[in-house]
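J.: need coordinates for the following:
(one chain, ligands or ions: 1)
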Amino acid sequence: MRGRFITFEGGEGCGKSTQIRLLAAKLSERGIEAVETREPGGTLLNERIRHLIKDQREEAPVDKCELLLFLAARAQLVEKVVLPALERGAWVLSDRFCDSTFAYQGYGRGLDMASVKAANGFACGGLMPDLTFLLEVDAAEAEARRKAREQALGETADRIEQAGDGFHARIRRGFDELAAAEPARIRRIDAGGTREETAERIWKSIAHLL
Ligand code: TMP
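T.: Below is the predicted model:
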C-alpha cells in the first residue's frame, strides 16, 4: 500500500520538528517506516540550496529567484525522497512543503498566487500532502521559543526570519486563509501547550489513516 504524506506547517518557533520526531517514533512503534524530512533540505543538493536561500552574506535573491530556489529543492526532494518512500509504503513527514510557499512567497512576498501555485504544481508533479498540520502558537510565544532555540544552538536569525513584522503578519493571515480554504486537508492544531499535549492532538487526527 502507498504510504502517507504528512506535512507540518506554521510560523517560526511553532515546534514542527519536535512534533515530527514524536510522530515518527510513534509510527515506528507500530511497525510503520517513517521518513523525516525538511524543506528546503532533505538531500545533499537541497541542503546547499537551503544555505543559499537563508544566508544573508551572499547576494540576496529577488522574490522570483527565492521562489524558484524553493521549488528547485522541492522538485529534487519529491523525486529523490518522497515518491520512492511513498511507493515502498513508508510515511513521509515533512517539515514544511507547498503551503509554506503559498504563505511566504504568495502572501508574504506578494507574488501572484496563481503563478506560484502553477509553478509549484510543475515542480512537484502535482503531488499534494494527504494531510497537513498547521501548528499554531501565539506570536509572543513563538518569538520566545525562537529566541530560546537561537541561544541554545548559537544560531542567529536568518534572512527570512529577519524580514519585518508586516511580512510575518501576512504569512499568518496566509496560513489562516489556506486552512479555511481546505479544511479537510489542513488541520489546525493548538500547539501552545506542552509538546506531549500537541503530540496527542496530532495522533488523534491521524487515527483514521492508520
Ligand atoms: P526553517 O525550516 O528553519 O523554518 O526555514 C525555512 C525558512 O524558509 C522559513 O523561514 C520558511 C521559509 N520557506 C519559504 O519561504 N518558502 C518555502 O517554500 C519553504 C519550504 C520555506
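J.: list the contacts for the residue in the chain that the ligand sits nearest to?
T.: Closest residue of the chain to the ligand, Cβ to the nearest ligand atom: Tyr104 (3.1 Å). Placement of C-beta: from N, CA and C, glycine included. Contacts for Tyr104 were tallied using Cβ atoms under 8 Å, 6 or more residues apart in numbering; they are 160, 171, 174.
J.: and this protein, which of its residues are near the ligand?
T.: Contact residues, the chain versus the ligand (Cβ under 6 Å from any ligand atom): 12, 38-40, 70, 95-96, 100-101, 104-105, 160-161.
J.: which strands and helices lie in contact with the lengthiest helix in the chain?
T.: Under DSSP state H, the helix in the chain containing the largest number of residues is helix 165-181. Under the contact criterion of 3 or more Cβ pairs under 8 Å, 6 or more residues apart in numbering; DSSP states H and E, helix 165-181 touches strand 131-136, strand 186-190.
J.: ok now the longest one, how far from the chain's centre?
T.: In this case it means strand 131-136. Centroid displacement of strand 131-136 relative to its chain, using Cα atoms, centre = their mean, to the nearest Å, is 9 Å.
J.: could you give the angle of the next helix-or-strand element following that strand to helix 165-181?
T.: Sequence order places helix 139-153 as the next helix or strand after strand 131-136, per DSSP states H and E. If you take axes from the mean of the first three to the mean of the last three Cα atoms, to 10 degrees, helix 139-153 sits at 110 degrees to helix 165-181.
J.: spatially central, which residue of the protein would that be?
T.: Geometric centre of the chain, nearest residue: Arg96, 1.0 Å, by Cα atoms, centre = their mean.
J.: enumerate every residue touching that residue.
T.: Counted by Cβ under 8 Å, 6+ apart, Arg96 has contacts 7-9, 16, 38-39.
J.: and if you look at Ile171?
T.: 11, 103-104, 107-108.
J.: packing partners for the helix or strand of the chain with the lowest mean pLDDT?
T.: Least confident helix or strand of the chain, by mean pLDDT, DSSP states H and E, is helix 139-153 with a mean of 79. If you count contacts as 3+ Cβ pairs under 8 Å, 6+ apart, helix 139-153 packs onto no helix or strand.
J.: check which residues of that helix are buried.
T.: In terms of neighbour count (16 or more other Cβ atoms under 10 Å), helix 139-153 has its buried residues at 142, 145-146.
J.: in this protein, mark out all the helices, start to finish.
T.: Secondary structure of the chain by DSSP H: the helices cover 16-29, 44-54, 63-77, 83-87, 98-100, 113-123, 139-153, 165-181, 195-206.
J.: weakest of these by average pLDDT?
T.: Note on the helices of the chain: helix 139-153 shows the lowest mean pLDDT, a mean of 79.
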